[in-house]
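>>> Prediction below, plus the sequence it came from.
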Amino acid sequence: MCGIAGFAGYRNGVELAGKANDIQFHRGPDHQGIWSNEHIALAHQRLSIIDLSSRSDQPLVKDRYIIVFNGEIYNYRELRDELVLDRGITFQTASDTEVVLEAYRRYGASCVGKFIGMFAFAVYDTDKNEIFIARDHFGIKPLFYTHEEGRFAFSSELKTLARLVISDKSIDYNALVSSLNYLWVSGNRTMFNGVSKLPPGCYMTVDSNLESRICEYERLDEKDMITGEPEALRLVDRTFNESIKRHMVSDVPVCSFLSGGLDSSLIAGLAGRYTDNLSTYTIATNPEDKKIEQMPDDERYAKRMADKFGFDHNEIVIDSDIVGLLPDMVRMLDEPIGDPAAINTFLICSEARKRGVKVLLSGMGADEVFFGYRRQKATLMAAKYRKYVPSFVRNIIHMLTGCLPVRLFGRGLRLVRWAKKFLSFSELPLGKGYMQSYSYYNREELGELLNNQYRDEIEALYEEHERIFSDKYNSDPVNQMCNTDIRMFMVGLNLTYTDRASMASSVEVRVPFIDIEMIRAGMQIPGNLKYKKGESKYILKKVAEKYIPREIIYRPKASFGAPIRFWISNPLRGMVDELLSEKSIEERGIFNGKYIRKLINEDRQGIADNAYRIYQLLTLELWFRAYLDENSQG
């Protein structure tokens, strides 16, 4: 796991590459390298995981090719053997980087279809003066680029391009609207006009004239579904065991997150088979912080799991010193992301790094692939609610629930929060309802927040979701939602904050559920085996029964969250009043200050649950100050 950057057509390319190494140093503290000629300068920051020797430092030069590579290819040994047998290639290193380079030499652009792993890399051909850039199947690893006439630049982090080559930092208001609605930026846009993300499952070619072309190499297609439960069990069991085994490939110890939930516990249970003493890491929360949030006791389940399997277990307590951490987190994340789970990831990774850990396994992706989110289940329940509950009864329920507070005497009323959220989308058809289930505003509210500006961008947001939701699996609503989450929520939020928050601590996070073979297998499982007898992730839970205790598998669902409602009401209260004051909002000139003050007052009075809205607005203002305001360093 590393960081990469490249600058073509810039007279000061070497200088830019050196600065890129400084900015992205956290991604690769083990070595920083530069290669350049009159056309291009390439930068690399190395976190040594496979072949720890200096011979695998990058940029790696071999004959006419130079490569900078970020990621891991888990099947690199098999590909290496194939290349030796097929072409008689002599390898100079024991790294996966050289395998990627030789696979490109042998197979050209089609090499990416052979890789099982996570990656973003660039190969420069000195003979043709061409650049080949690729990103993994589902966007686990990031790749940002900007393309002006006669200039092309790419990097692993947006802040690198923002500091070094973006002169016109104008906002992409489609991205802004997305970040407000979802708390993250959807699609391949960024917060800046003129800077994009290379889409997942795509490669880009940049010719000698710096003309670029993007091609898609991976797209999940609807295949024949597996109809029998025994066959589905065998497929998921076999494929996931193979994925875990692949993800243990490393020349440094591999450790694991352990939340005490199904996904991380299953990963840890299987990973423990491939190492003598698996170290696990769990986030714990102070009891006082949990009152408003009504958070589950994850750490208790994690400890039971660790005790049963004999893991070297480490518990990290989150305190409320969030005021000093939040501005730094905003800079780390590149984009305004309003999910505090990013803070959890950063704190776990930071603590693990202090103890010498470089690699952690994560259960991310299981909910997207196997139908594990509450909102997915709630969207199906809404259809039954509309069908079986008379409209006059629904109107009464809606009216009464609207009068209920979400907090009383300093304690959060979780069931009321859930009921209000459910009713916000219960009358909508499936696709629109599913979008609203993880939106934080509706059309009218977004319009009011934005002073009735950016109507076209708001409409584009809804059109984007409808296009993706209706793209496939139209006869299987469960897999419609899974496919939508894989393409939007997983890459836009979860993989984005995980990469930035973990790499800020120089830690690599691996995601066995997002293995290409795992997702292909998972999307062959029909919805009636993912959601059965009222049980979400049914087929995965049946597989897990072979490996971990039932009390872990069938415990109540818990999110990888943080005490956001306590933070907003207590330690962040002063920051909210300062940064989201009507004066501050008016000076920014984007939002409706009176509407924001209304959100804050309703939240403090316990009338409405606006904590995430307020947290994201706070995050946005901090992002504006870090990335846009005069003399900003980004």
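Looks like it came in fine.
>>> Spatially nearest residue to I552 (excluding sequence neighbours)?
Nearest residue to I552, sequence neighbours excluded (CB to CB, 6 or more residues apart in numbering): S265, at 4.8 Å. The C-beta positions use only the backbone N, C-alpha and C, and glycine is treated the same way.
>>> and the end-to-end length of stretch 401-419?
7 Å (CA to CA, to the nearest Å).
>>> quick one: E335 and P142, what's the gap?
Using CB to CB, to the nearest Å, we find E335 at a distance of 10 Å from P142.
>>> Give the residues shared as contacts by these two.
Common contacts of E335 and P142 (CB atoms under 8 Å, 6 or more residues apart in numbering): T496.
>>> Please give me every residue in contact with the residue nearest to I552.
Contacts of S265 (CB under 8 Å, 6+ apart): L258, S259, Y301, A302, M305, A544, I548, I552, I553.
>>> mind running it again at 10 Å?
256, 258-259, 280, 301-302, 304-306, 308-309, 363, 544, 547-549, 552-553, 555 (CB atoms under 10 Å, 6 or more residues apart in numbering).
>>> Leaving out sequence neighbours, find the closest residue to N21.
For N21, the spatially nearest residue (CB to CB, 6+ apart) is Q32, at 4.0 Å.
>>> C-terminal to the strand or helix carrying that neighbour, what's the next element?
Take DSSP states H and E as the rule and Q32 turns out to sit in strand 31-36. For strand 31-36, the following helix or strand on the C-terminal side (DSSP H and E) is strand 40-46.
>>> Partner strands of that following strand and their direction?
Here strand 40-46 has these sheet partners by DSSP bridges: strand 2-8 (antiparallel), strand 31-36 (antiparallel).
>>> on that earlier part again, could you measure from the residue nearest to I552 over to L360?
Distance from S265 to L360, counting by CB to CB: 15 Å.
>>> Pairing-wise in the sheet, spell out the partners of E148.
R151.
>>> With distance to A103 and mean neighbour count added, can I get the strands paired with strand 40-46 in JSON lines?
Output for those, formatted as JSON lines (distance: least, CB to CB, whole Å; neighbours: other CB atoms under 10 Å):
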{"stretch": "strand 2-8", "distance to A103": "17", "mean neighbour count": "28"}
{"stretch": "strand 31-36", "distance to A103": "20", "mean neighbour count": "19"}
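>>> so which of those comes closest to E444?
Smallest distance to E444 across the strands paired with strand 40-46 (CB to CB): 42.2 Å, for strand 2-8.
>>> Helix or strand: which one has the residue nearest to I552?
Per DSSP H and E: helix 262-271 holds S265.
>>> Please work out how many residues are found near D476.
17 (other CB atoms under 10 Å).
>>> what's the distance between G402 and V416?
10 Å.
>>> Comparing these two, which shows the higher neighbour count?
V416 (17 against 12).
>>> Can you classify that one as helix, strand or coil?
helix (DSSP: H, G, I helix; E, B strand; the rest coil).
>>> For it, give me its contacts.
Counting by CB under 10 Å, 6+ apart, V416 has contacts T401, L404, P405, V406, R407, L408, G606, D609.
>>> Show me what the strand or helix carrying L79 is packed against.
L79 is part of helix 76-87, with elements assigned from DSSP H and E. If contacts are counted by 3 or more CB pairs under 10 Å, 6 or more residues apart in numbering; DSSP states H and E, helix 76-87 sits against helix 96-107.
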